[in-house]
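Chemist: next come a sequence and a model predicted from it.
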Amino acid sequence: MTGANSFQVSGYGPERAGWTRLFARDSLARRLDWTILLAAIVLSLIGSLLVFSATRNRTELNQGDQYYFLVRHLLNTGIGFALMIGTVWLGHRTLRTAVPILYGVSVFLILLVLTPLGSTINGAHSWIKLPGGFSLQPSEFVKVTIILGMAMLLAARVDAGDKQYPDHRTVVQALGLAAVPMLIVLLMPDLGSVMVMVVIVLGVLLASGASNRWVFGLIGTGTMGAIAVWQLGVLDDYQIARFAAFANPELDPAGVGYNTNQARIAIGSGGLTGAGLFHGSQTTGQFVPEQQTDFVFTVAGEELGFVGGGLIILLLGVILWRACRIARETTELYGTIVAAGIVAWFAFQSFENIGMTLGIMPVTGLPLPFVSYGGSSMFAVWVAVGLLQSIRVQRPMSA
C-alpha cells in the first residue's frame, strides 16, 4: 500500500493496519465522528463529578475513602474508552464474523447468574461476583450481542444482493436469537433490561426493512406477555410494588414510593442553576438512595439545576442525532441495523432513567448511559460507541 489514501482500517481490507498508522492523515482520525466521541467523554466526566458528589460523604459505601467511587468511575471510563478503541481497530465487519462466539459467551454468562455464582444487588439478582470486590452484570453485554446477532441474520442476504428486504424466515430466526437471552434475563428477574431489549428488537426490525406486520405483531405479543408475566407471578414483590407506586404516587410515600418522592424533591429544589456542585441538601443529607447509580440525574438536577440537567440531555441528544446520521449514511444494511439498534438502546434507557427520577416512568434500576456509576454499563456503552465509529470509518472519504 502506498500513498495517504491507500490506508485501510483493520477489518475493512485484506491487510490489518498497525497501531502506528491508526492516526495517519486521511485515515481513522479523519473518519471518526468526533462529535459523538467528545459528547461521550464530556458526559462521562460530568458523571464522575456527580458520582463523587453523591458518594464522598457516604462512609457506609465508600469504605472511609471519599474518592473511592470517583477513582473507580474514572477507571471504568478509561477501560471503556480502551474497549472503544479496540472495537474500532477490529472493525464491525470483523466482529460480524465473531457473532456466534460473542452470543454464546453472553448467554453462558447470564446463565451463570442463575447459579450459586449469581449475586443479588439492590433486589436484582443480575450480577456475578468477581474477586477484588468487583461485580459483572452480563445483561449489559447481552444488549450488544442482540444487536450484532440480529443485524447479522437480517442483513446477510440483503447485503449479498439476494434479497431486497429480510424474508419472514429470517425475521423468525432473528427473533428467536433475541428471545433466548431475553427469557433468561426475565427469569432473574431483570425487567428493566428486558424492556430495553424489547425496544432494541423493535428498532432493529424497523431499520431492517422487515414487514410492519412483524413490528405490530411484536408489540401485541409483548403486551400480552407483560400481562402474563404479571398474572403468573414471575415478578418479585418489590417490582410489583414499584409499578403500583408509579400508578399511584401517594400509595406508600414512606416506603416503596420513597425513592421517587425524594428524587423529585431533589430535582425540584435545584431551580434554574442549582445549589452548586457539592452543595445540594438532599445529596449531602443522603436522602436519595442509590444516587450514584440509578438516581444520578437527581444530583445534576439539585446541584446544577435545569441548566446542568438540560446539558446532560442535550449531550445525549447529540449522540443520538449523530448515531442516526451514521445509520442513514452507511452503505450496508448491517451497519444501518447496528447503528439503529444502538439508537433505540440509548434513547429508551436514557428516557427511562431520567423519567423515573421525574416520576413519569416506573423505577426499574436502569443506569443513565455514560453518567451512572457501574463498570458493566460503562463498558457496554463505550463498545457501542466503538461500533458507531467503526460503521462511520468504513464509508468512502467523499461521504
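Modeler: Thanks, I have the structure now.

Chemist: elements contacting the top strand by length along the chain?
Modeler: Ordering each strand of the chain by length in residues (DSSP state E) puts strand 124-129 first. Contacts defined by 3 or more CB pairs under 8 Å, 6 or more residues apart in numbering; DSSP states H and E place strand 124-129 against helix 99-113, strand 118-121, strand 135-136, helix 138-159. Bear in mind the C-beta positions are built from the backbone N, C-alpha and C, glycine included.

Chemist: do that again at 7 Å, thanks
Modeler: Strand 124-129 makes packing contacts with helix 99-113, strand 118-121, strand 135-136 when contacts are defined by 3 or more CB pairs under 7 Å, 6 or more residues apart in numbering; DSSP states H and E.

Chemist: tabulate the ones you listed in a markdown table, adding columns for distance to Asp162 and mean pLDDT.
Modeler: Putting the helices and strands packed on strand 124-129 into a markdown table (distance: least, CB to CB, whole Å; pLDDT from 0 to 100) gives the following:
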| stretch | distance to Asp162 | mean pLDDT |
| --- | --- | --- |
| helix 99-113 | 19 | 92 |
| strand 118-121 | 43 | 74 |
| strand 135-136 | 39 | 84 |
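
Chemist: now mean neighbour count and distance to Leu49 too, for those, in TSV please.
Modeler: Shown next, in TSV, are the helices and strands packed on strand 124-129 (neighbours: other CB atoms under 10 Å; distance: least, CB to CB, whole Å):
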stretch	mean neighbour count	distance to Leu49
helix 99-113	16	32
strand 118-121	14	24
strand 135-136	16	23
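
Chemist: looking at the ones you listed, which is nearest to Thr59?
Modeler: Nearest to Thr59, of all the helices and strands packed on strand 124-129, is strand 118-121, at 19.2 Å by CB to CB.

Chemist: buried residues in the helix or strand hosting Gln262?
Modeler: Taking DSSP states H and E as the criterion, Gln262 maps to helix 258-270. Neighbour-count burial for helix 258-270 flags 259-264, 266-267, 269-270 (criterion: 16 or more other CB atoms under 10 Å).

Chemist: again, but for stretch 72-87
Modeler: Neighbour-count burial for stretch 72-87, counted by 16+ other CB under 10 Å, picks out 72-74, 76-77, 80-81, 83-84, 87.

Chemist: chain center to it: distance?
Modeler: From the chain centre to the centre of stretch 72-87 is a distance of 14 Å (CA atoms, centre = their mean, to the nearest Å).

Chemist: could I get the average pLDDT for that stretch?
Modeler: When pLDDT is averaged along stretch 72-87, the result is 95.

Chemist: same question, stretch 288-308
Modeler: Averaged over stretch 288-308, pLDDT sits at 92.

Chemist: so which bits of it are buried?
Modeler: Judged by neighbour count (16+ other CB under 10 Å), stretch 288-308 contains these buried residues: 288, 290-305, 308.

Chemist: show me those that map onto helices.
Modeler: 296-299, 305, 308 (DSSP state H).

Chemist: closest to Leu130 out of these?
Modeler: Of all those, Leu130 sits closest to Val296, with 22.8 Å by CB to CB.

Chemist: helix, strand, or coil at the residue nearest to the closest one when sequence neighbours are not counted?
Modeler: Spatially, and ignoring its direct neighbours in sequence, Val296 is nearest to Ser372 (4.8 Å; CB to CB, 6 or more residues apart in numbering). Taken by DSSP: H, G, I helix; E, B strand; the rest coil, the conformation at Ser372 corresponds to coil.

Chemist: show me the shaky parts of the chain.
Modeler: 1-27, 122-124, 132-133, 226, 229-257, 395-399 (pLDDT under 70).
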